[in-house]
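Q: I'd like to go over a predicted model; first the sequence, then the structure.
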Amino acid sequence: MKKVFSILITILAVTGVFGQSIFDAEKNCTLDANGNCLPTPILTAMPFLRIAPDARGGAMGEAGIVADPSAASMHYNASNLAFAEDKNAISLNFTPWLRNLGLDDLYLTYLAGYTKLDKYQTLGFNVRYFSLGSIFFTDNQGGSTGEGRPREFEIGAAYARKLGDNFSAAVSGKFLFSSLAPGQISGGIIINNATSFATDVSLTYRKKTKISDYNGYWAIGMNISNLGAKVTYTDNIDKDFIPTNLGIGSMLRIDFDDYNTLAFCLDVNKLLVPSPWSIENPKWDANKNNIADWREKTLFQGVFGSFGDAQAGFSEELKEFYYSIGLEYVYSKQFAVRSGYYYENALKGARKFFTIGAGIKYNVFEFNLSYLAPSSIQRNPLDNTLRFGLNFNFTGLKESLQDE
């Protein structure tokens, strides 16, 4: 009942705001009662694919495109796995969801790992599972239509290869599944499960450097993720985009000595899907078929047009970039302290938050945790939430056995 109540409040609030709105042709946006542009966040199907799944990245403002590679690098940039120091590793992470609402059956789990075939080639895998708990469905008259357990998951594999001492590339394939309300009927339409296949393409350049008297690394990388077919939950012809995303990251690591290391990360991301237009905009449905024109674009029309299709022009396009800044201090490769900041424009989601976290490594195990603290009035499902991660290093296990 708590979930249903929260959803109803959200719907009523949005309906109330938009019911008083008008489109302003000069500003190219819909205005609220105070004359300010209303938010037009980019919405996609299967948004769980863009949730940072690991505690380490979660502690660094969700930055990780070229952070020192780990098993969870599959999410951020699979080509970074080619530079992993360990031969084999596996990672299991757990993220509670909406704990501020007192819900304890919503969570994201992420299992990922890799194995190096040789010094040039690396194979990776991941399984992501998102549980939305249990929900009691009702019809328009309030009668029960059964109980459901909405869930979504992703199964993926990646091949990464070094193309030189400093450069690597990777390609990933993944199967996507979303089951939100199968068998339920809404407006006379039966709701089905949604499935899709997608791919990631990524590049990393990593090079040793000198900073004053200290050794270090700098790196840049790019990842185009979730490039895949649109999906639908009904038999209608209109389909929804999945969150195809362009991520560009940079990292500078300074090794002060054999024990102390400090790394700075900056990630910039942008969804490669069409920008939504306000329904009050006269051009919202130019072909008069009662479907928003931006929703009717094909996959590649959406990708290539995503840098110039915002209704307010280039100024709005710039607002669709979101930023992650991360900092990681590591002592003796055994203890880590992390912090970060995430920023999203107020008209495109308004998520702004600080993150902190820590990690400790003992023998073949590494335990990580992170905490998210909001810095805006926009609610975040992870507000004041602890995330947990456990990494296991098979190479370390082999060395331990040999020592015995």
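A: Structure received.
Q: only C-alpha atoms from now on, for both contacts and neighbour counts.
A: OK.
Q: Thr234 - nearest residue in space that isn't next to it in sequence?
A: Ile191 (5.1 Å; C-alpha to C-alpha, 6 or more residues apart in numbering).
Q: spit out the contact partners of that neighbour.
A: 181-185, 233-234 (C-alpha atoms under 8 Å, 6 or more residues apart in numbering).
Q: so what would you say the end-to-end distance of stretch 114-126 is?
A: 9 Å (C-alpha to C-alpha, to the nearest Å).
Q: repeat for stretch 40-52
A: The first residue of stretch 40-52 is 22 Å away from its last residue (C-alpha to C-alpha).
Q: now the strands: where do they sit in the stretch 51-200 of the chain?
A: Shown for the stretch 51-200 of the chain, the strands assigned by DSSP state E, counting those that start in this stretch span residues 88-96, 106-116, 121-132, 135-138, 144-148, 151-162, 167-179, 185-186, 189-190, 194-211.
Q: report the buried residues of the last one.
A: Spelled out, that is strand 194-211. Neighbour-count burial for strand 194-211 flags 194-206 (criterion: 16 or more other C-alpha atoms under 10 Å).
Q: how many neighbours does the closest residue to Leu92 other than its chain neighbours have?
A: What sits nearest to Leu92 in space, not counting adjacent residues and going by C-alpha to C-alpha, 6+ apart, is Leu111, at 4.6 Å. Number of residues near Leu111 (other C-alpha atoms under 10 Å) recorded here: 22.
Q: equivalent analysis for the one 4 residues further on, please.
A: By the other C-alpha under 10 Å criterion, the neighbourhood of Thr115 contains 20 residues.
Q: for it, report the pLDDT, please.
A: You'll see Thr115 listed with a pLDDT of 95.
Q: residue contacts, it?
A: By C-alpha under 8 Å, 6+ apart, Thr115 lies in contact with 87-89, 122-124.
Q: kindly report the same for Thr261.
A: 253-255, 329-331.
Q: right, and out of these, which lies closest to Lys297?
A: Proximity of these to Lys297, judged by C-alpha to C-alpha, is greatest for Arg253, which lies at 41.8 Å.
Q: who is that closest one paired with across the strands?
A: When assigned by DSSP bridges, Arg253 has beta-bridge partners Tyr217, Ala263.
Q: was I right to think it contacts Asn260?
A: No - at 10.7 Å, Arg253 does not count as touching Asn260 under the criterion of C-alpha atoms under 8 Å.
Q: more neighbours: those two, which one.
A: Taking neighbours as other C-alpha under 10 Å, Arg253 and Asn260 compare with Arg253 leading, 23 against 15.
Q: if you rank the contacts of Thr261 by neighbours, which is first?
A: That'd be Arg253 among the contacts of Thr261, by other C-alpha under 10 Å, with 23 neighbours.
Q: could you find the closest non-adjacent residue to Ala157?
A: Using C-alpha to C-alpha, 6+ apart, the nearest residue to Ala157 is Phe125, at 4.2 Å.
Q: surely that neighbour touches Ser91?
A: No - checked against C-alpha under 8 Å, the pair Phe125 and Ser91 is beyond contact range at 10.5 Å.
Q: identify the contacts common to the two.
A: Contact criterion C-alpha under 8 Å, 6+ apart; residues shared by Phe125 and Ser91: 112-113.
Q: with distance to Ile224 and neighbour count added, can I get the contacts of Ile191 in CSV?
A: Listed next are the contacts of Ile191 as CSV, based on distance: C-alpha to C-alpha, whole Å; neighbours: other C-alpha atoms under 10 Å:
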residue, distance to Ile224, neighbour count
Ala181, 30, 20
Pro182, 30, 17
Gly183, 34, 14
Gln184, 34, 17
Ile185, 36, 16
Tyr233, 25, 21
Thr234, 28, 17
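Q: how about a markdown table for the residues you listed, with pLDDT and distance to Ala346 added?
A: Output for those, formatted as a markdown table (pLDDT from 0 to 100; distance: C-alpha to C-alpha, whole Å):
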| residue | pLDDT | distance to Ala346 |
| --- | --- | --- |
| Ala181 | 85 | 31 |
| Pro182 | 82 | 34 |
| Gly183 | 80 | 37 |
| Gln184 | 80 | 35 |
| Ile185 | 78 | 35 |
| Tyr233 | 90 | 29 |
| Thr234 | 85 | 32 |
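Q: dihedrals phi and psi, the spatially closest residue to Phe314 that is not a sequence neighbour?
A: Once flanking residues are discounted, Phe314 sits nearest to Gly308: 6.6 Å by C-alpha to C-alpha, 6+ apart. With angles defined as degrees, to the nearest 10, Gly308 sits at phi -150, psi 30.
Q: repeat that for Leu49.
A: The phi/psi pair for Leu49 (degrees, to the nearest 10) is phi -70, psi -20.
Q: and it, how many neighbours does it have?
A: With other C-alpha under 10 Å as criterion, Leu49 counts 21.
Q: list the contacts for it?
A: Leu49 touches 154, 226, 243, counting by C-alpha under 8 Å, 6+ apart.
Q: give me the residue at the spatial middle of this protein.
A: Closest to where the C-alpha atoms of the chain average out (C-alpha atoms, centre = their mean) is Arg50, at 1.9 Å.
Q: most surrounded residue in the contacts of Thr115?
A: Gly124 (27 neighbours).
Q: give the contact list for the nearest residue to Thr122 once chain neighbours are set aside.
A: Distances taken as C-alpha to C-alpha, 6+ apart place Lys116 nearest to Thr122, at 4.2 Å, with adjacent residues excluded. Going by C-alpha under 8 Å, 6+ apart, Lys116 touches 82, 87-88, 122-123.
Q: please consider this matter closed, and thank you.
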